[in-house]
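S.K.: Take this sequence and fold it.
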Amino acid sequence: MILQFPMPYGGELLYSLLARAGLRSGNVSHRAILIDLFGMDSFTASVELQPGISNIISNLPVGSTISADQLIFQNTMYPFFTAFRDEEQAHRIYSSLLDEHGRDLHNAIGLMSSAIKPLTHFQFCILCNQEDINRHGELYWRRLFQVPGVHICVKHGIWLSESTVSARGSTKYVFTAPTQDNCSDYHVQMVADKEMLGQYSCIVNNIEKLFNFKYPNRPLDWFYYRYKNQLMWKGYTSEKGRVDHQRVQKDFVDHYGSELLNILQSSVSGESTWLKLIFQKHRKGFHPIRHILVMQFLGLTPEDVFDADTLGTSVEYGSTICKAKRKIMKKTMTEEYRERAKKERREAWLQIRSQYPHHGRLELRRLDPKVYAWLYLYDREFLIEHMPEKMPPKAGSMRHDWDKRDQEILDRVTDIVQQLMDEKGKPRRLTLKRIQEIMEAQCLMPKHLKKMPLTKMFLERMIEDSETFRKRRVLWALGELKSNDEALTLNRVKLKAGVSQIPEEYLIELTAIAQK
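M.R.: From the prediction side, this is the model:
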C-alpha cells in the first residue's frame, strides 16, 4: 500500500505523479516502489498510457478520493489518442489501462508505427519550472509538453527544453521525477516568428480541448464526411464531389508554412501524402495532430467536428441520400399527383420566364431552385424547351502589352524578393503568396504568368521549396550560434532553426559553409 500518495497538479502526467509518490515513499529500490504502487514489480513505466490503474487505486491510502476515471482522463494521454477512434476501440483501450497487463496499448493507438514519432526525452519549459519551484517547491512533468509535435510553451512564447530523462528505453522500470539536475538547461529561447507562434497557439488550444472535454467517439467515416462537406463549402470540390488535391495541398502549405509542418512532423510533398489520404474514405486512423491540422485549416473547431447536430452531408453522401429519396418518390408518386405537380411547376416556371425575360439560365435557376430541380428530375424535356438561349461569351477585356507588363512586374517582383531576403531575424520562407500580398494585386496567377515568361522564370528560380528553405534556416542558425559563441551541437541547431531533422553529414557540410 502507498502510505503517502500526492495529489496531482493541474495537467500533470500520471508518470510524474507516480514518480513523486516513489520519492515520498523513501524507498531507494525501484522494484520496491513498483510493489508499493501496483502490488507487484512487473510493471513498466509508460509515458502516454500507463496500465495497471486498477492496481494503483486499490493500493491508495484509505480515504483517498482519487478515482480511476480521474487518473485516466486527467493524467494520461487517453483523451488525446482516442479522440478520433470509434467507441469500441476507445473502450478497449480504457479497459487495458485498468488491466494489470495492458498488452499492446502502444500498438492500439498506433504510437510506434505512426509517422509522427514519440519523444525520446521528457520536455520542460524553463519558465514554467521556475514558477513550479516558487509555488510548489518541486517540479512535475506536464502532460501537454510530452505530446509528439509540441515543442513550444505558448504561455511564455519560448521553445521547450529537452531533459536528460529518457522517455523510453533502458529505464523502463523506473519512474523519474524532474529535478533541477536533470532539467539543467536554463537558456531561454524566445520564438521569434510571431505568425508561427499564433498558428501554434491555436493548435495547442485544440490539443488541450481534446484533453479537457469528453467528446463522443465517432466511426472513421464520420470525419471523412465532415471534412469532405467542408471542402465542398470552401470550393475545393467539383460538382461531382471530386477533391482538387493539388490546390488543397498548396493552400494547406501556404496556410501553415513548411517550418511549422516540419516541427509537427506533418510535411506534405509528392502525389500520395497523408493529407490526400485523410480526405479519402478512412480505412485507417490518423494521428490526432494531423486531424487538428486539417480541422484548423478548414476553419472547424472540435465542437463542429464531433457534434452530431453540425454534421453536414458531403457531395457524395448527399447524392446517395438524394438518389434514395428519388427512387422512393418515383415508386410512391401517383399518376394523378404527377400530373397536378407537373402543371403547377410548369406554370411557375413560365411565370418566372415572363417576369425576367432577360435573365440567363443560372439566374433563373436561382430564383426558384425547387421548381427547377423538380422539372429537371421529372419533366426535363419541358424544361430544356423553355430555357433561354445560352448567352454569348463576354467580350474580352482590354488587351495588355504583355512584353511591357512582363518587364514592369519583373522589376517589382525583383525588388520585393530582395526586400524579403534582406529581412532581419529568423528567415521566413519565400513564397508566391507572400510576394503577391506585398504587391496587393492578383497579377501572379498562373493564367497571367503564362504571358509573362521573364517573371515566371525569375519566380521559379527564387521561390523556395522545403529543402532550400531548410538549408537557409540551418545556415542562419549556424551563423547566429557562432556569433553568440554557442556550441554548434545538432540539437541546438535544430532548435534554433526550428527543424525536426538534420542529417549529420548535412550539418557537417553546412558548418563548413558557415565557417567560410
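S.K.: For the rest of this, base every contact and every neighbour count on C-alpha atoms.
M.R.: OK.
S.K.: How much space separates the residue of the chain most remote from its centre from residue 373?
M.R.: Distance from the C-alpha centroid of the chain, by C-alpha atoms, centre = their mean, peaks at residue 336 (55.1 Å). Residue 336 is 20 Å from residue 373, where distance means C-alpha to C-alpha, to the nearest Å.
S.K.: Can you classify the residue farthest from the centre of the chain as helix, strand or coil?
M.R.: Following DSSP: H, G, I helix; E, B strand; the rest coil, residue 336 is assigned to helix.
S.K.: Roughly how far does it sit from residue 427?
M.R.: In terms of C-alpha to C-alpha, residue 336 sits 73 Å off from residue 427.
S.K.: any low-confidence regions in the stretch 401-516 of the chain?
M.R.: The model of the stretch 401-516 of the chain has pLDDT under 70 over residues 440-442, 503-516.
S.K.: Show me the helices in it, by range?
M.R.: 402-421, 432-439, 446-449, 453-462, 466-483, 490-497, 504-514 (DSSP state H, counting those that start in this stretch).
S.K.: Give me the buried positions along the fourth one.
M.R.: Think helix 453-462. 453, 455, 456, 459 (16 or more other C-alpha atoms under 10 Å).
S.K.: what residues are up against the last one?
M.R.: This points to residue 459. residue 432 (C-alpha atoms under 8 Å, 6 or more residues apart in numbering).
S.K.: Check the second one too.
M.R.: For residue 455, the residues meeting the contact criterion (C-alpha under 8 Å, 6+ apart) are 406, 407, 409, 410, 413, 449.
S.K.: what about the most centrally placed residue in the chain, distance to residue 419?
M.R.: Closest to where the C-alpha atoms of the chain average out (C-alpha atoms, centre = their mean) is residue 293, at 1.6 Å. Counting by C-alpha to C-alpha, the gap from residue 293 to residue 419 is 31 Å.
S.K.: same deal with residue 362?
M.R.: Distance, residue 362 to residue 419, by C-alpha to C-alpha: 46 Å.
S.K.: swap in residue 386?
M.R.: On the measure of C-alpha to C-alpha, residue 386 and residue 419 end up 59 Å apart.
S.K.: State the distance from the closest residue to residue 193 other than its chain neighbours to residue 248.
M.R.: Excluding its sequence neighbours, the residue lying closest to residue 193 (C-alpha to C-alpha, 6 or more residues apart in numbering) is residue 426, at 6.9 Å. As judged by C-alpha to C-alpha, residue 426 and residue 248 stand 27 Å apart.
S.K.: Also residue 10?
M.R.: Counting by C-alpha to C-alpha, the gap from residue 10 to residue 248 is 38 Å.
S.K.: Can you pick out the residue with more neighbours from these two?
M.R.: Neighbours per residue (other C-alpha atoms under 10 Å) separate residue 10 from residue 248, with residue 248 holding more: 17 against 10.
S.K.: Okay, the nearest residue to that one once chain neighbours are set aside and residue 281: tell me how far apart.
M.R.: Excluding the flanking residues, the one nearest residue 248 by C-alpha to C-alpha, 6+ apart is residue 236, at 6.9 Å. Remark: distance between residue 236 and residue 281 (C-alpha to C-alpha) = 17 Å.
S.K.: who's more crowded, these two?
M.R.: Higher neighbour count among residue 236 and residue 281: residue 236, with 19 against 14, using other C-alpha under 10 Å.
S.K.: Quick one: residues contacting the residue nearest to residue 248.
M.R.: Here residue 236 is in contact with 243, 244, 247, 248 (C-alpha under 8 Å, 6+ apart).
S.K.: Most neighbours of all these, which one?
M.R.: Going by other C-alpha under 10 Å, residue 243 tops those with 19 neighbours.
S.K.: partner residues bridging that residue?
M.R.: Assessed by DSSP bridges, residue 243 has beta-bridge partners residue 237.
S.K.: ok, now which ones touch it?
M.R.: 231, 236, 237.
S.K.: Using JSON lines, lay out the contacts of residue 236 together with distance to residue 174.
M.R.: JSON lines is the format used below for the contacts of residue 236 (distance: C-alpha to C-alpha, whole Å):
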{"residue": "243", "distance to residue 174": "49"}
{"residue": "244", "distance to residue 174": "50"}
{"residue": "247", "distance to residue 174": "49"}
{"residue": "248", "distance to residue 174": "46"}
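S.K.: Which one of those is nearest to residue 495?
M.R.: Taking C-alpha to C-alpha as the measure, residue 495 lies nearest residue 248 of these, at 29.1 Å.
S.K.: Show the secondary-structure elements that the strand or helix carrying that closest one is packed against.
M.R.: Residue 248 is part of helix 245-256 when elements are defined by DSSP states H and E. Under the contact criterion of 3 or more C-alpha pairs under 8 Å, 6 or more residues apart in numbering; DSSP states H and E, helix 245-256 touches helix 274-278.
S.K.: Convert the helix it packs on to CSV, retaining C-alpha atoms only.
M.R.: What follows is helix 274-278 as a C-alpha-only set of coordinates in CSV (Å, rounded to 0.1, in the frame of the first residue of the first chain):
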residue,chain,number,x,y,z
TRP,A,274,-1.2,11.8,-45.6
LEU,A,275,-3.2,15.0,-46.5
LYS,A,276,-4.6,13.4,-49.6
LEU,A,277,-5.4,10.1,-47.8
ILE,A,278,-7.3,11.9,-44.9
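S.K.: Done for today, thanks.
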